[in-house]
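S.K.: Test case, fold it:
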Amino acid sequence: MNLSIRRLAAISALVTIALAVAVPARAQDVMTKESVAELKASFIADLNVMKDKYIGLAQAFPQDKYAWRPMEGVRSVSEVLMLAAAEGYGFIPGGFGGKPGLAPADMKQLSATTDKAQVIEHLNKAFAHVTSQLEAIDNATLTGKRTFLGQQRSAANIALTIGGDLHEHLGQLIAYARMNHIVPPWSK
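M.R.: Numbers count the residues shown, from 1 in each chain. Prediction:
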């Protein structure tokens, strides 16, 4: 997928989500199967763009920088990368009614993974898992609201919340790269 197609996919995802959110709250209580299908497709396209960026950064950081953190009390490079993997294995599919990709005990150990090859492998597996889970979910199950983070939310709201969170951590990782004089691969 070339860069312009990725940008188009990301823009399409944002426009679709923005349109879904712009609808008055009462109309948002129920989405059609068609609008859910478009939302899912756009969200998956955005996840694919983020996957490429997370993996690109994971590859760009040398192994000796995986333990680097800008200050005490914040996540290291590997911890941010493994948080993204953990979200792909559990948080994202769970938000839409999918199944986790790892057992709870294995999920707890993810944050301790610091080997570059293992981190990249987990990122690839986690993004593949979430994509397969989202594709398998029946659109009819996402037309109404569902409980997510303790609140009743529409699929559009869930996608915005999760997408925003993943983009925030991607931005965090980009800042880490810049602080370490690493140029993100897509901006060379």
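
S.K.: residue nearest the centroid of this structure?
M.R.: The centre of the chain sits closest to residue 166, judged by Cα atoms, centre = their mean, with a distance of 4.5 Å.

S.K.: so how far is the helix or strand where that one lies off the chain centroid?
M.R.: Taking DSSP states H and E as the criterion, residue 166 maps to helix 155-179. On the basis of Cα atoms, centre = their mean, to the nearest Å, helix 155-179 sits 7 Å off its chain's mean C-alpha point.

S.K.: helices or strands next to it in the packing?
M.R.: Counting contacts by 3 or more Cβ pairs under 8 Å, 6 or more residues apart in numbering; DSSP states H and E, helix 155-179 is packed against helix 3-22, helix 33-60, helix 77-86, helix 92-95, strand 146-148. Placement of C-beta: from N, CA and C, glycine included.

S.K.: For residue 122, the count of nearby residues, please.
M.R.: 23 (other Cβ atoms under 10 Å).

S.K.: How far away from the center of its chain is stretch 126-142?
M.R.: In terms of Cα atoms, centre = their mean, the centre of stretch 126-142 is found 13 Å from the chain centre.

S.K.: low-confidence ranges in this protein?
M.R.: Applying pLDDT under 70 to the chain flags the ranges 1-29.

S.K.: please redo it, this time with the cut-off set to 80
M.R.: Applying pLDDT under 80 to the chain flags the ranges 1-30, 188.

S.K.: and residue 114, how far is that from residue 71?
M.R.: Going from residue 114 to residue 71 by Cβ to Cβ, to the nearest Å gives 18 Å.

S.K.: Comparing those two, which residue is more hemmed in?
M.R.: residue 114 (16 against 5).

S.K.: Just give the closest residue to the more buried one, not the sequence neighbours.
M.R.: For residue 114, ignoring the flanking residues on the chain, the nearest one in space by Cβ to Cβ, 6 or more residues apart in numbering is residue 78 at 4.5 Å.

S.K.: burial measure for the one you found, as a count.
M.R.: 25.

S.K.: That one: what's it in contact with?
M.R.: 66-67, 113-114, 119 (Cβ atoms under 8 Å, 6 or more residues apart in numbering).

S.K.: for residue 95, same thing?
M.R.: Contacts of residue 95 (Cβ under 8 Å, 6+ apart): 148, 158, 161-162.

S.K.: what does the helix or strand containing residue 121 contact?
M.R.: For residue 121, the element it lies in under DSSP H and E is helix 116-136. For helix 116-136, contacts defined as Cβ under 8 Å, 6+ apart pick out 40, 43-44, 47-48, 50-51, 54-55, 58-59, 61, 63, 66, 78, 81-82, 84-89, 92-93, 96, 98-99, 101, 110, 113.
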